[in-house]
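1. Got a predicted model here, sequence first, then my questions.
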Amino acid sequence: MEYFRVLRDEIIEAQKLRIQVGLAKIVFLGTLLGFFLKDARGDTAILICPFVALMFDCMVYGLSFNIRDVGNYIRDHVEREMLFDPATMDVALWQTHRADRNKHGFRDWGRIMFRVGSYGLSILVAVVSFFQVIHPRTAGATPSVPNWWLVFLILILALGWGMLIWLEFLKKPSR
């Protein structure tokens, strides 16, 4: 039972850290974009913002993967052992119960909306950043980055976010 509590505490701490990383992303990107939009108009360095957003999204996904991994370990190993002990039988099916609820239509909307909002913010940052580079504020100015380079950067970002979204929402977890 003590091992179960420690693993649950690890999940709770990872969930708290995931929220803190999400909040840090909002603050950091807001500050970074504010700087570039106010003081560094038309500067191509603003293109660092979408990559910072992608880095934060990767960190949040890594924490989500860790949470899921510990939960799967609890389900596959700890809960099975707890079933044989009459003192722990009532709490033994925590992860199994969660999986059964998901099969019957339960969705964790809070987590889903957090992730959708996080990816939405990242994509918004990318759109604003690329718009600032493609359409500089000074009249008659041309972008200082070749179009092929911008397309290459957009493809890298699209590949990164596409992979994260696929892993987060579309890929069926393996047991």
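-> Ah, there it is.

2. hey, let's count contacts and neighbours off CA atoms from now on
-> Fine.

3. Could you identify the longest helix within this protein?
-> The residue-count maximum for a helix in the chain (DSSP state H) belongs to helix 2-39.

4. Now do the buried residues in that helix.
-> 7-8, 10-11, 14-15, 18, 21-22, 25-26, 28-29, 33, 36-37 (16 or more other Cα atoms under 10 Å).

5. From Ile67, how far off is Gln20?
-> Per Cα to Cα, to the nearest Å, Gln20 is found 15 Å from Ile67.

6. Likewise for Phe36?
-> Using Cα to Cα, we find Phe36 at a distance of 35 Å from Ile67.

7. His104 now?
-> 22 Å.

8. More neighbours: the two, which one.
-> Per other Cα atoms under 10 Å, whichever of His104 and Ile67 has more neighbours is Ile67, with 21 against 8.

9. Quick check: closest non-adjacent residue to that one.
-> Ile11 (5.4 Å; Cα to Cα, 6 or more residues apart in numbering).

10. could you pull out the helices for the chain?
-> Assigned by DSSP H, the helices in the chain fall at 2-39, 48-73, 79-82, 94-103, 109-134, 147-165.

11. which other helices and strands contact the last one?
-> Right, the one you point to is helix 147-165. When contacts are defined as 3 or more Cα pairs under 8 Å, 6 or more residues apart in numbering; DSSP states H and E, helix 147-165 packs onto helix 48-73.

12. Would you mind getting the angle between the helix it packs on and helix 109-134?
-> On the basis of axes from the mean of the first three to the mean of the last three Cα atoms, to 10 degrees, helix 48-73 is oriented at 160 degrees to helix 109-134.

13. what's the model's confidence in helix 48-73, averaged?
-> Across helix 48-73, pLDDT averages out at 90.

14. Report all helices and strands that that helix contacts.
-> Using 3+ Cα pairs under 8 Å, 6+ apart, helix 48-73 sits against helix 2-39, helix 109-134, helix 147-165.

15. one step back: lowest-confidence stretch among the helices of the chain?
-> The lowest average pLDDT among those, as it happens, falls on helix 94-103, at a mean of 65.

16. Distance check, Gly34 against Lys25.
-> Gly34 is 14 Å from Lys25, by Cα to Cα.

17. mind checking how far Asp9 is from Gln15?
-> Distance from Asp9 to Gln15, by Cα to Cα: 10 Å.

18. do Ile123 as well
-> 23 Å.

19. same deal with Ile134?
-> For Ile134 relative to Gln15 (Cα to Cα), the value is 38 Å.
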